[in-house]
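Asks: What shape does this take:
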Amino acid sequence: MDSANIESLRDGISVVVPVYNSEGSLTPLVERLVAVLPSSAAEWEILLINDGSLDRSWEVIRALAARYPRVLGIRMLRNFGQHNALLAGTRIARFTVTITMDDDLQHQPARTSCTARPTPFLTASGATSSPGLRSEPSAS
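Replies: Coordinates of the predicted model:
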């Protein structure tokens, strides 16, 4: 993401959920997120990225998006894999904080810290790195 796109992000939370064959867990997941997110941020969205599911996941996503205005469904052309679904979701996220979650309720929304603050992740050279790949500058 270039600096112009970063500057266009608004304060709030984007929750990105890659979806694969999860028709049964999507409604409870979204209902729990809808219950938790308003107390964490004034602005928020839930992005459900359908990664070529073979079940009725897309139909459930469409119904949830129709029911909840802050839910957006994205349908990938085929199964590209969880990482590519996450990448697609983070690229369209509109808010300064992005939280990724699995679609199977393994991560309980009530236990997820939705009040997270962005943390700069820097490599030894000072360049921004991805979360999870945090590198501390080496002592020279």
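Asks: What segments of the protein are strands?
Replies: 10-19, 44-50, 71-75, 95-100 (DSSP state E).
Asks: Please identify the deepest-packed of the ones you listed.
Replies: strand 44-50 (a mean of 24; mean count of other Cβ atoms under 10 Å). Placement of C-beta: from N, CA and C, glycine included.
Asks: That strand pairs with which strands?
Replies: strand 10-19 (parallel), strand 71-75 (parallel) (DSSP bridges).
Asks: quick one: buried residues of the helix of greatest length in the chain?
Replies: The residue-count maximum for a helix in the chain (DSSP state H) belongs to helix 23-36. Residues Glu23, Ser25, Leu26, Leu29, Val30, Leu33, Val34, Val36 are the ones in helix 23-36 that count as buried (16 or more other Cβ atoms under 10 Å).
Asks: residues making contact with it?
Replies: 15, 17, 19, 46, 48, 53, 55-57, 59-61, 64, 68, 70-71, 101, 103-105, 108-110, 112, 114 (Cβ atoms under 8 Å, 6 or more residues apart in numbering).
Asks: Which among those count as buried?
Replies: By neighbour count, with 16+ other Cβ under 10 Å, the contacts of helix 23-36 hold 15, 17, 19, 46, 48, 53, 57, 60-61, 64, 70-71, 101, 103, 109, 112, 114 as buried.
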